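# Generate a structure from the sequence data that follows.
(chains A and B)
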Amino acid sequence: MDSRVKILLLIAYFVAIFLVSNFWGFAVAGAFIVLAILFARVPVISVLKSVKSILFLVLFTVILNLFFYSGEYKVIYWQVGDFIQITDSSVIFSAFMALRLTMLVMGSSLLTLTTTPVELTDGIESLLSPLKVIKFPVHELALIMSIALRFIPTLADETERIICAQKARGGDFESGGIAKRAKAMIPILIPLLVSSFRRAEELGDAMDARCYSGSKGRTRYKKMKIGYRDVIATVLVAVVIFLIVYFNKIFVGII
Amino acid sequence: MRIICKDLSFSYEPKKKNTAYALENVSLTIEEGEFFGIIGHTGSGKSTFIQHLNALVPLQSGELLVGEFDLDTKNKQYKKNLKALRSKVGMVFQYPEYQLFAESVFEDVAFGLKNFYPELSLKQIEQKVKYAIELVGLNYYQIKDKSPFDLSGGQKRRVAIAGVLVTDPEILVMDEPVAGLDPVGKKELMDLLHSFKKGNKTVIIVSHDMDEVCENCSRIAIMQGGKVVKVGKPSEVFTELPDENLELPVVARLKNALKTKGVEIDCKLESDDFIEEIVKKYKERNGR
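Next up, the predicted model:
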């Protein structure tokens, strides 16, 4: 699929998720994302892994909403003081939040799992290209993004190595209070900063040496083309949004 | 301090099925006072092995004794011993100049010292830092207050090495110590290692430069695919090609070439005695 279409559809999907106001809507959106994951032939485990990584956030919001949600309610299950209470609406609202977050993450992980960083930045560049009219440096922005993505593993390796070297010199990063630990980070952060400046300079020189001159007259290795899959996916997302809005209308109330 | 290593295996993804092993059943004993070389090409496990010596990676299976320290993580003393172990085993990583961080050379060199021996007085620290900086061949008074980032590449590396030598380790481990140095710098660094070794200390270098290892080390281990394939003196190890990715040192190649021409040279493969032996052979032949 075209990465531009994927990005736009993801945004549409996000909007759809926020439009949902009852469980029928979630059922539609959930069925859609599960189908999409299956059709994309993405290993389900990797999607679950990214959901797992926000599990803490989900739990956190659920617990907060469970106790502090202050909408209209019919039944109070449990109450301490004036503000802390579990009501029927707070239970439903926190379930909504959990579903929303999980589905958002499932959608975005589907995008990142099926799209290479290069495709992604190319897509963003192409989508933002109308901004060129107001002299917004679209190409440069895309370049910055792809360089940043490219250097994440390199910097991770570098960090690992510096930590090893300072540990070998008796650096202690695992004990002590927050202040002590923050101070212990200095011997890691400074070499890391220095080496990223060095790398940036080297990269700039290498690009100059290969006559890089920005976006002007630059062609692409991979041309982006909209194919039949993109059309099908767009239609599907449109149907999903329609159904959600429709269900919002006919099932008034939460369930 | 003696290093005894038995059946050491290590994998970076131990939970994975059919995982690739960075080290596989490595058994090796390094005696006190040796100048030991570990060679092998990229991915042969040499870096992983030396990181074990400093407990920078936890022991997965096998045994590892460094002096009196047992590096078994189940050992109750393990956590307590870590600092003492690391003060005894000095580790210089590849491109050590990238680990410099402090405002002045003095502070950077003193970093390890202050970590390992917080009880030292300022005077004692000064004394030790001065000793270490002079040991690596730099002028203490000229350099101590400079920022490490203002130094030249060679000076930075020396300062970084001084930062390890300052704690007076019993074992010095160096990963590719001469990478990126010019020939003079290489020679000076090797001389430094030899003079450091004189106090009956162990020096372990990791390298893929056969000539460098052959010339300097008293014993060598060749690693390949996480295994130690050969251990011994240079003359024992460098008889034939252990691996098509490695090349024999120049001296060994010359020796083998001469052998095919019918000239047997009996030497220990250290360049000086090789030359002496050739001169001797030559005189013998002409005398006849």
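
# Return the residues of the stretch 51-200 of chain B in contact with chain A.
B:51, B:54, B:56, B:83, B:86-87, B:89-91, B:93, B:96, B:98-102, B:111-112, B:115-116, B:149, B:163-164, B:167 (C-beta under 8 Å from any C-beta of the partner chain). (C-beta placed from N, C-alpha, C; glycine too.)

# Run me through the strand neighbours of the helix or strand bottoming out on mean pLDDT in chain A, direction for each.
Least confident element among the helices and strands of chain A, by mean pLDDT, DSSP states H and E: strand A:76-80 (a mean of 75). Strands that pair with strand A:76-80, judged by DSSP bridges, come out as strand A:84-87 (antiparallel).

# Show me where the chain dips below the pLDDT cut-off.
Looking at chain A here, since you left the chain open. Flagging of chain A using pLDDT under 70 yields the residue ranges A:252-255.

# I was thinking of chain B, sorry if that wasn't clear
Applying pLDDT under 70 to chain B flags the ranges B:240-246, B:268-272, B:287-288.

# need the strands for it, in chain order.
Taking DSSP state E, the strands of chain B run over residues B:3-10, B:23-30, B:35-39, B:61-66, B:69-70, B:89-92, B:171-175, B:202-207, B:219-224, B:227-232.

# Tell me how many other residues crowd the closest residue to residue A:111 other than its chain neighbours.
In this structure, residue A:111 finds its nearest non-sequential neighbour in residue A:10, 5.1 Å apart by C-beta to C-beta, 6 or more residues apart in numbering or on different chains. Residue A:10 has 18 neighbouring residues, counting by other C-beta atoms under 10 Å in any protein chain shown.

# Quick check: residue B:136 vs residue B:164, distance?
10 Å (C-beta to C-beta, to the nearest Å).

# same deal with residue B:60?
26 Å.

# These two: which has the busier surroundings?
Legend: neighbour count by other C-beta under 10 Å for residue B:60 and residue B:164, higher for residue B:164 (25 against 16).

# I'd like the distance between the more buried one and residue A:225.
Applying C-beta to C-beta, the value for residue B:164 to residue A:225 is 57 Å.

# what are the ranges of the helices in the stretch 101-250 of chain A?
For the stretch 101-250 of chain A, the helices defined by DSSP state H, counting those that start in this stretch cover A:117-128, A:138-168, A:178-184, A:186-209, A:228-250.

# Of all those, which one is nearest residue B:281?
Each of those has some distance to residue B:281 by C-beta to C-beta; the shortest is helix A:138-168, at 46.8 Å.

# other SSEs contacting that closest one?
helix A:117-128, helix A:186-209, strand B:89-92 (3 or more C-beta pairs under 8 Å, 6 or more residues apart in numbering or on different chains; DSSP states H and E).

# picking that back up, how about the strands of chain B, which one is nearest residue A:181?
strand B:89-92 (22.6 Å).

# Can you redo the strands of chain B as TSV, where the extra columns are mean neighbour count?
Putting those into TSV (neighbours: other C-beta atoms under 10 Å in any protein chain shown) gives the following:
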stretch	mean neighbour count
strand B:3-10	18
strand B:23-30	18
strand B:35-39	24
strand B:61-66	18
strand B:69-70	19
strand B:89-92	25
strand B:171-175	23
strand B:202-207	24
strand B:219-224	22
strand B:227-232	17
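
# And the residue of the stretch 51-200 of chain B closest to chain A?
Here the residue of the stretch 51-200 of chain B nearest chain A is residue B:115; by C-beta to the nearest C-beta that distance is 3.0 Å.

# Give me the distance between the helix or strand encompassing residue A:95 and the centre of its chain.
Taking DSSP states H and E as the definition, one finds residue A:95 inside helix A:88-114. Relative to the chain's own centre, helix A:88-114 is displaced by 12 Å; criterion: C-alpha atoms, centre = their mean, to the nearest Å.

# what does stretch A:168-188 give?
With C-alpha atoms, centre = their mean as the basis, stretch A:168-188 stands 31 Å off its chain's centre.

# Tell me how chain B divides into domains.
Chain B breaks down by automatic domain parsing into domains covering B:3-248, B:249-288.

# who touches residue 8 in this structure?
Going with chain A. residue A:127 (C-beta atoms under 8 Å, 6 or more residues apart in numbering or on different chains).

# That was the other one, I meant chain B.
Counting by C-beta under 8 Å, 6+ apart, residue B:8 has contacts B:23, B:25-27, B:49, B:52, B:59, B:61-64.

# Quick check: nearest residue in space to whatever residue of the stretch 101-250 of chain A ends up closest to chain B, chain neighbours excluded?
When scored by C-beta to the nearest C-beta, the stretch 101-250 of chain A has residue A:170 as its residue closest to chain B, at 3.0 Å. Ranked by C-beta to C-beta, 6+ apart and with sequence neighbours excluded, the top spatial neighbour of residue A:170 is residue B:115, at 3.0 Å.

# before we move on, what about residue B:225?
Using C-beta to C-beta, 6+ apart, the closest residue to residue B:225 is residue B:44 (6.4 Å).

# Next, the one you found: phi, psi?
Phi and psi for residue B:44, reported as degrees, to the nearest 10, are phi -90, psi -10.

# you'd agree it is up against residue B:228?
No: Residue B:44 lies out of contact with residue B:228 (C-beta atoms under 8 Å); the separation is 9.6 Å.

# Just give me the residue right at the centre of chain A.
The centroid of chain A falls nearest to residue A:108 when counting by C-alpha atoms, centre = their mean (5.3 Å).

# separation between the closest residue to it other than its chain neighbours and chain B?
Ranked by C-beta to C-beta, 6+ apart and with sequence neighbours excluded, the top spatial neighbour of residue A:108 is residue A:10, at 6.5 Å. Going from residue A:10 to chain B by C-beta to the nearest C-beta, to the nearest Å gives 31 Å.

# Give me the contact list for stretch B:273-281.
Counting by C-beta under 8 Å, 6+ apart, B:251, B:254-255, B:263, B:265-267 sit against stretch B:273-281.

# Are any of those residues buried, and if so which?
Among these, the ones that count as buried by 16 or more other C-beta atoms under 10 Å in any protein chain shown are B:251, B:254-255, B:265, B:267.

# Around residue 95, how many other residues sit close by?
This is for chain A. Neighbour count for residue A:95, taken as other C-beta under 10 Å: 16.

# meant chain B actually
When neighbours are defined as other C-beta under 10 Å, residue B:95 has 18 of them.

# Phi first, then psi, for it.
As for residue B:95, its main-chain torsions (degrees, to the nearest 10) stand at phi 50, psi 60.

# Check the spacing between it and residue A:167 real quick.
Here residue B:95 is placed at a distance of 17 Å from residue A:167 (C-beta to C-beta).

# and what of residue B:124?
Taken as C-beta to C-beta, the span from residue B:124 to residue A:167 is 24 Å.
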